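[1] I'd like to go over a predicted model; first the sequence, then the structure.
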Amino acid sequence: MAPYDSNCGTQTDIKGIVAGTPDADRAVRYLVKYLNKSIAEPFADDDADAAYEAHIDRLHCELRWLPCSEQCSNWLRYGVQPAGAAEGMVPGSCPKKHHDREHLGLGGRRCLVSRKWTGKTLKRHKADRAQVVKEALLNYGYVAPEIERLSAEVLADDGKPRYLWTPKQANPATYSRIIMRGIQEKRLWISQYSEAKTFQAAVERQARSELKTNAPVINSATPP
Ligand SMILES: [Zn+2]
C-alpha cells in the first residue's frame, strides 16, 4: 500500500464574491439563513452577565408553554386540538426548535429565502398594506382616514416639516381629552374596517357562488 501524506493544519480558502453571479446568490442565501442563528448568544460571551442570563432563562421558561405552530402540543392548554394530534401529547413537551433556549421562539429560517424576496422596502410594504385597507373602506363607502396627517414627515407649502414634535408637559385635563379622543378615533377606524372586510367577504362569497352555480344570487350585504 502506498504511503499517503495528510495535512490537517489550519486552512484558509478565501474566495471573492462577485455581485450578480450564482455564487453570490448562494452566499447571500447562506448568510441570511444563518444570520442570528442563536438568539441567546450575542451578549452571552465569556463574561456572561447574570441579569442577561436570568432574562434569557425566564424567556425560555415562558416559551416552553407557548404554542409554536399548528401542531404544537401546547394548544392543549387552551382546549384546542393540535393539528395531527396523537396519543401521548403533553403540553410543555413539544420537541420543536422554537422552545429551545438557543432559538427562543425562532425555529427554522430567520428570513425568507431570497427567491421569496419581493425587493420592496419596508416603506413600500407599508404603503401596499395601507392601499389594501383604503380600497376595502372605499368599496364599502368609507373614506380612508389620513392616519399620517400629524406625522413629522408631513411637509408644509415651503417644503419644511409641517409639525415639530417636542416633549411637552401637557395640562392633565387636555392630556386625558386628547388620549380619549385618540382611542375613540382608533376604535371607530377598527369597526369601520371590520364592517368593510365583512362586506368584502360577502361580496367575494357571492362571486364564488355565482361562478359555481352560474346563476344570479342576491347580495344581502349592502353599503350604508
Ligand atoms: Zn411547539
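    Cool, got the structure. Numbering: from 1, shown residues only.
[2] pLDDT score for residue 141?
    pLDDT recorded at residue 141 is 90.
[3] buried ones in the lowest-mean-pLDDT helix or strand in the chain?
    When the helices and strands of the chain are compared on mean pLDDT, DSSP states H and E, helix 22-34 comes out lowest with a mean of 78. Judged by neighbour count using 16 or more other Cβ atoms under 10 Å, the buried positions of helix 22-34 are residue 32. Glycine gets a C-beta too; all of them are placed from N, C-alpha and C.
[4] following element in sequence after that helix, please.
    Sequence-wise, the next helix or strand beyond helix 22-34 is helix 50-65, with elements assigned using DSSP states H and E.
[5] what sits up against the next helix or strand after that next one?
    If you walk from helix 50-65 toward the C-terminus, the next helix or strand you reach (DSSP H and E) is helix 122-139. The list of residues contacting helix 122-139 from outside it, by Cβ atoms under 8 Å, 6 or more residues apart in numbering, reads 118, 120, 143-144, 192-193, 196-197, 199-200, 203, 223.
[6] which of those residues has the most neighbours?
    In terms of neighbours by other Cβ atoms under 10 Å, those top out with residue 196 at 22 neighbours.
[7] surely that one meets residue 144?
    No - at 9.7 Å, residue 196 does not count as touching residue 144 under the criterion of Cβ atoms under 8 Å.
[8] pretty sure residue 192 is touching residue 142, no?
    Yes - when contacts are counted by Cβ under 8 Å, residue 192 is listed as touching residue 142 (5.1 Å).
[9] which bits of the protein sit near the ion?
    With Cβ under 5 Å from the ion as the criterion, the chain meets the ion at residues 68, 72, 94, 96.
[10] pull out the buried members of those.
    68, 72, 94.
[11] in the chain, what spans have low per-residue confidence?
    Scanning the chain for pLDDT under 70 picks out 1-3, 5, 7, 33-48, 107-115, 214-224.
[12] domain ranges for the protein?
    When the chain is parsed with automatic domain parsing, its domains come out as 22-116, 122-213.
[13] which helices and strands does the least confident helix or strand of the chain pack with?
    When contacts are defined as 3 or more Cβ pairs under 8 Å, 6 or more residues apart in numbering; DSSP states H and E, helix 22-34 packs onto no helix or strand at all.
[14] and it, how far out from the chain's middle?
    Helix 22-34 has its average C-alpha position 22 Å from the chain's average C-alpha position, going by Cα atoms, centre = their mean, to the nearest Å.
[15] stretch 194-211 too?
    Centroid separation for stretch 194-211 versus its chain: 26 Å, with Cα atoms, centre = their mean.
[16] and for stretch 21-35?
    Taking Cα atoms, centre = their mean, the mean C-alpha location of stretch 21-35 is offset from the chain mean by 22 Å.
[17] just give the nearest non-adjacent residue to residue 185, would you?
    Taking Cβ to Cβ, 6 or more residues apart in numbering, and ignoring the residues beside it in sequence, residue 185 has residue 145 as its nearest neighbour in space, at 7.7 Å.
[18] next: residue 156.
    residue 162 (4.4 Å).
[19] pull the number of nearby residues for the one you found.
    A count of neighbours around residue 162, defined by other Cβ under 10 Å, yields 14.
[20] the one 10 residues further on too?
    Here the number of neighbours of residue 172 (other Cβ under 10 Å) works out to 8.
[21] so who does it touch?
    Shown in contact with residue 172 (Cβ under 8 Å, 6+ apart): no residues.
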